[in-house]
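> Just a sequence and a predicted model for now, questions to come.
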Amino acid sequence: MSEIPESWVEVRFRDINTFVARSVDPSVYPEELFELYSVPTFPTRKPEMLFGREIGSTKQVVEPGDVLVCKINPRINRVWQVMAAKECPQIASSEWIVMRAPGLCEGFLRHYFASPVFRELICDGVTGVGGSLTRAQPKRVAEFPVPIAPLPEQNRIAHKLDSLLARVDGCRKRLDNISGLLSSLRQSVLAVATSGELTREWRKDRGIRQLWREVALGELLTDVRYGTSKKCAYEPSKIPVLRIPNVADGTISLKDMKYADFDEDEKAKLALLPGDLLMIRSNGSIGLVGRTALVSAREAGYLYAGYLIRLRPDIEQVRSAYLSVFLESPASRACIELTARSTTGVNNINAEEIRGFQVQMPCLDEQDEIVRRVDSLFTWVRNLEVRCKSAQLKVDLLTSATLAKAFRGDLVPQDPNDELAVELLAKIQAERSNTAAERPLRKAMTKRKGKDVSDIGKDAIKAVILSMKSKTFSFDDLGAKVPGDYESLKAALFELLDEQKPIVRQVFNTKIQAIQFERVTS
């Protein structure tokens, strides 16, 4: 932890967390409406409103102001704050670590848990093999340091961060919109290029009145050939083999290359030449089937795998680059996807179907002009994309820098009149101790004197339940009347719940948002 102002204090996560887990099985209350904070809905920042019958597993009960820190794949920065209470119970997935800190500013804590310092701590030492299987360990998180500012300063910091980060988030959304607009612009360029609109003035200036003609793709090719089915491996001493991952954005990518041995006859049949087109012929994603890439001189002599088809254009009739543009146009993509779509999950297009595609054909000079203009416009788009990505990176860095500045104490000024953080925590601790004295936590039951629950027997526990004045009672109410330790009593109580004709059942008290038990009357 970096140095903090003198008026601040550093404590452990667990020192300020009063959350005690309480679970509920929503399916027990099928017609009850719940407000669910789940990990998949976090990006929307809106909890789900679901009936108990729609929720398939036990959840933890949360309260307004609780701060939720996601423990699944913590490299994704997911921190959420439970909203103001509604009429329905508020529950959360067990994949959240819950922070409840009465007397402290929840917004201050929420922003700190999203800050670079805390993210570095929580991402260090996760368990699991990777990705969505990694988990932060709650016991480790409980020991993490948390800086605490004086309460007025906490509120000032939270308010300032809410304002600044809202503006940053707005900037991020606008940049994301630009990325989408540039993608749409690419498609528009391809559409006007292959409809003749892009070069209409060009034709007019040259007095060209020749109409475009429609030609079957097969008539423009000298060869259509499937790739090799030979198994490839990472052995650079052999011949490079291009695969589906190497067909990207209309060109060949040489990332993640594989290799294989071939005899002279195979090399003669499958070796690529500059100007060849490689097309993906089969894939689970309909968006990939029919995607093409133009082979350059760099890939000459390479071979290609079986899920690709090589199209070799007749250079006397068509420019390879124009054919690549045409096959990537929206109209061609729609035709290819309609032809290739399958209900089996594996979409496929074969050589005969490819030969039958209709191509809009201008003269060779106009093909050259179309390719030139498309290349020029795409270069402009790529430059904008680079600038956009650079701006997005700066926005991300700005968020991290702002949070780091806030929790060094540099974002807002300190007020010497503010009560020191150490004094604030002392008051909170005193109030907590008084509350604990009035309402002992369940953990106090773990060391009670007397016989074990197992020694008393379920019949005796049944008798206690039947003798209780109130039909509805809490676990603590029962524990006060039954000697023994907490875990044994809990195990015995759940055995009673599972009996064929139980004398007790779980209920959810919506007023106090807590699990209780109810005596069953015959």
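Yes, it's here. Note that this is a predicted model, so its numbers are computed, not measured.

> Am I right that Val69 falls within a strand?
Yes. Counting by DSSP: H, G, I helix; E, B strand; the rest coil, Val69 falls inside a strand.

> Just give me the neighbour total for it.
25 (other CB atoms under 10 Å). Bear in mind the C-beta positions are built from the backbone N, C-alpha and C, glycine included.

> does it really touch Ile97, like I thought?
Yes. In this structure, Val69 is within contact of Ile97 by CB atoms under 8 Å, at 4.5 Å.

> Quickly list what's touching both of those two.
136, 141 (CB atoms under 8 Å, 6 or more residues apart in numbering).

> how long is stretch 306-323 from one end to the other?
Across stretch 306-323, the terminal residues are separated by 22 Å (CA to CA, to the nearest Å).

> any idea of the mean pLDDT in that stretch?
The predicted model assigns stretch 306-323 a mean pLDDT of 95.

> Could you list the buried residues of that stretch?
Applying a neighbour-count criterion of 16 or more other CB atoms under 10 Å, one finds 307-313, 317-323 buried in stretch 306-323.

> pLDDT of the top helix by length along the chain, averaged?
When the chain is parsed with DSSP state H, its longest helix is helix 151-195. On average, the pLDDT along helix 151-195 is 94.

> Shouldn't Pro245 be within a helix?
Yes. The assignment for Pro245 by three-state DSSP puts it in a helix.

> pLDDT score for it?
So, for Pro245, pLDDT stands at 92.

> my guess is it meets Met257, correct?
No. Applying CB under 8 Å as the test, Pro245 and Met257 come out as separate, 9.4 Å apart.

> Looking only at neighbour counts, state which of those two leads.
Each of Pro245 and Met257 has its neighbours counted (other CB under 10 Å); Met257 has more, 16 against 11.

> Surely that one and Lys238 touch.
No. Contact between Met257 and Lys238 fails when scored by CB under 8 Å: they sit 10.5 Å apart.

> quick one: secondary structure of Val395?
helix.

> contacting residues around it?
By CB under 8 Å, 6+ apart, the residues touching Val395 are 168, 171-172, 175.

> run the last query once more with 6 Å
Shown in contact with Val395 (CB atoms under 6 Å, 6 or more residues apart in numbering): 171-172.

> hmm, back to that, contacting residues around the next helix-or-strand element following the longest helix of the chain?
Remark: after helix 151-195, the chain's next helix or strand is helix 200-205, criterion DSSP states H and E. Helix 200-205 has contacts (CB under 6 Å, 6+ apart) with Glu369.

> switch the cut-off to 7 Å
If you take CB atoms under 7 Å, 6 or more residues apart in numbering as the criterion, helix 200-205 is touched by 366, 369.

> now stretch 304-322
Outside stretch 304-322, the residues touching it (CB under 7 Å, 6+ apart) are 220-229, 232, 241-244, 247, 270, 272, 275-283, 294, 323, 351, 354, 361, 364, 367-368, 370-371.

> Next step: those residues restricted to strands.
Under the assignment DSSP state E, those contribute 221-226, 241-242, 247, 277-280, 282-283, 294, 361 to strands.

> Could you write me a PyMOL select line covering just the buried ones among the residues you listed?
To isolate the buried ones among the ones in strands among the contacts of stretch 304-322 in PyMOL, judged by 16+ other CB under 10 Å, type:
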select buried, resi 221+224+226+241+242+247+277+278+279+280+282+283+294+361
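
> mind giving me the domain ranges of this protein?
9-149, 151-212+365-413, 213-361, 442-519 (automatic domain parsing).

> Gln429 is nearest to which of the ones you listed?
domain 9-149 (8.8 Å; CB to CB).
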